[in-house]
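In: Curious how this folds, go ahead:
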Amino acid sequence: MKAARWHGVKDIRVEDVSEPSPGPGEVKVKVAWTGICGSDLHEYLAGPIFVPVDTEHPLSHDKAPITMGHEYCGTVTQLGEGVEGLAEGDRVAIEPIFACGTCPACLEGKYNLCESLGFVGLSGGHGGFSASSVVPARMVHKMPQGLSMEQGALVEPAAVALHGVRLSKIKAGDTAAVFGAGPIGLLVVESLRVAGASQIHVVEPSDVRRKKALELGATTAIDPTSSDAVSAIREATGGVHVAFEVTGVPQVLPQCIDATRHEGQTLIVSIWEGEASFNPNTAVLKERQLKGTIAYRNVYPAVMELMTQGYFSADKLVTKRISLDDIVAEGFEALVAEKSHVKILVEAPA
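Out: Next up, the predicted model:
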């Protein structure tokens, strides 16, 4: 079967691989749609970050080249021995986390903080940029009948956003800023609406993405190339309660901190390619907080329920649909060249 595999920086190849079969406790899924994530783009441009190269990942037991794709959904086609609660034909969204189950974080139920954390499609396994995938049964979540398959491919990134907002100190009626209106930033905007934020100020250089942020419920959308975003946010709010950093751009981190009020919080959502610096006094003198968030835990059912209510709509967020054969030119390279894209979905080969 065809699969898009990471071999190195700017070296993703669509090639033939053996079709996998489920072992005990696993399920085989015919992939429908898979989204290209910012993490995928980081691996393409500056990896390896999560991709294991020299040694196997301790949980996937794989190393490069690996089949990419972790934002995906599909239909169960085969059950491994001992799998219960699922049936062939079930439509499922994949929660692609490798976790050991035995480290202190896992034993506390915080499996996204596992000491050996990995992701299907980044750390090995049978990723979604392929015709079929095999994953542990615990990674699949049955989708409500009302959700389209395209919505299923958005469950994973929406889970990142919703978990981040849940982890923040935001309360109903509080003010927020979101720096970066890519896919995750826009999903954070919607998650903040769910949480009851009274004002949501978005900072984003792309005109198309600013308009999309306003469409999704942002109070303002500021172009940082033409105005002082921090001053505009502080003038409107006196400093927001929580600022979300969703760019991974080093110079943006201190701006996020400066945009918060006294005792405000900056929540770092991005995956970074390198270091970022800020003056610690900006946190010390106002007793501000910095907090990080990775992935999600125990949130897929809530995401899909919100989707049935109209949140995280594929109709509003998907800007392009492509075939697997075109994943490099029309997918990764398009995201590099055209900052107006929000979410590009890749259709699995038949």
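
In: ok, and the closest non-adjacent residue to residue 137?
Out: Excluding the flanking residues, the one nearest residue 137 by CB to CB, 6 or more residues apart in numbering is residue 83, at 4.7 Å. Where C-beta positions appear, they are placed from N, C-alpha and C, glycine not excepted.

In: So what's the residue count around the one you found?
Out: 19 (other CB atoms under 10 Å).

In: before we move on, what about residue 59?
Out: Using other CB under 10 Å: residue 59 sits among 18 other residues.

In: For it, give me the pLDDT.
Out: Model confidence at residue 59, given as pLDDT, is 97.

In: Next: residue 129.
Out: At residue 129, the pLDDT recorded in the model is 98.

In: Please enumerate residues in contact with stretch 17-25?
Out: Residues outside stretch 17-25 that contact it (CB atoms under 8 Å, 6 or more residues apart in numbering) are 1-3, 5, 28, 67, 78-83, 126, 130-134, 136-137.

In: who are the neighbours in contact with residue 254?
Out: Counting by CB under 8 Å, 6+ apart, the residues that residue 254 touches are 277, 278, 279, 282.

In: Tell me, domain by domain, which residues of this structure belong where.
Out: 2-157+296-347, 169-292 (automatic domain parsing).

In: and the shortest one, what's its mean pLDDT?
Out: The reference is to domain 169-292. On average, domain 169-292 scores 97.

In: Check the offset of that domain from the chain's centre.
Out: Remark: domain 169-292 is offset 17 Å from the chain centroid, using CA atoms, centre = their mean, to the nearest Å.

In: repeat for the longest one
Out: Between the centre of domain 2-157+296-347 and the centre of its chain there are 10 Å (CA atoms, centre = their mean).

In: Could you work out the end-to-end span of it for me?
Out: 12 Å (CA to CA, to the nearest Å).

In: My read is that residue 303 contacts residue 159, right?
Out: Yes: in terms of CB atoms under 8 Å, residue 303 counts as a neighbour of residue 159; the distance is 5.0 Å.

In: How many neighbouring residues does residue 142 have?
Out: 16.

In: Please report how far the residue located most distally from the centre of the chain lies from residue 258.
Out: Here the chain reaches farthest from its C-alpha mean at residue 285, the gap being 32.9 Å by CA atoms, centre = their mean. Taking CB to CB, to the nearest Å as the criterion, residue 285 is separated from residue 258 by 12 Å.

In: same check, this time on residue 276
Out: 14 Å.

In: which element follows the helix or strand containing residue 119 toward the C-terminus?
Out: Taking DSSP states H and E as the definition, residue 119 sits inside strand 118-119. Later in the chain than strand 118-119, the nearest helix or strand by DSSP H and E is strand 132-136.

In: Work out which residue lies at the spatial centre of this protein.
Out: Central residue of the chain (CA atoms, centre = their mean): residue 157, at 3.5 Å.

In: ok, that one touching residue 71?
Out: Yes: Residue 157 lies in contact with residue 71 (CB under 8 Å); the separation is 5.7 Å.

In: Spatially nearest residue to residue 46, not counting backbone neighbours?
Out: Per CB to CB, 6+ apart, closest to residue 46 is residue 273, 4.5 Å.

In: quick one: secondary structure of that neighbour?
Out: coil (DSSP: H, G, I helix; E, B strand; the rest coil).

In: ranges for the helices of this protein?
Out: 38-46, 104-107, 149-152, 155-167, 183-195, 207-215, 229-237, 252-258, 281-284, 300-308, 314-317, 333-337 (DSSP state H).

In: closest one to residue 323 among the ones you listed?
Out: The closest of these to residue 323 is helix 333-337. By CB to CB, the value is 13.2 Å.

In: re earlier: what touches both of residue 157 and residue 71?
Out: Contacts common to residue 157 and residue 71, judged by CB under 8 Å, 6+ apart, are 35, 37.

In: Contacts only, for residue 70.
Out: 37, 39, 40, 94, 96, 119, 120, 121, 122, 127, 128, 156.

In: and those as JSON lines, adding neighbour count and distance to residue 11?
Out: As requested, those are arranged in JSON lines below (neighbours: other CB atoms under 10 Å; distance: CB to CB, whole Å):
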{"residue": "37", "neighbour count": "26", "distance to residue 11": "18"}
{"residue": "39", "neighbour count": "24", "distance to residue 11": "17"}
{"residue": "40", "neighbour count": "28", "distance to residue 11": "13"}
{"residue": "94", "neighbour count": "29", "distance to residue 11": "25"}
{"residue": "96", "neighbour count": "23", "distance to residue 11": "22"}
{"residue": "119", "neighbour count": "22", "distance to residue 11": "20"}
{"residue": "120", "neighbour count": "28", "distance to residue 11": "20"}
{"residue": "121", "neighbour count": "32", "distance to residue 11": "16"}
{"residue": "122", "neighbour count": "29", "distance to residue 11": "15"}
{"residue": "127", "neighbour count": "29", "distance to residue 11": "16"}
{"residue": "128", "neighbour count": "32", "distance to residue 11": "19"}
{"residue": "156", "neighbour count": "27", "distance to residue 11": "24"}
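
In: Tell me how many other residues surround residue 288.
Out: Around residue 288 there are 19 residues (other CB under 10 Å).

In: Please look at it and residue 258 and confirm they touch.
Out: No: the pair formed by residue 288 and residue 258 falls short of the contact definition of CB under 8 Å, at 9.4 Å.
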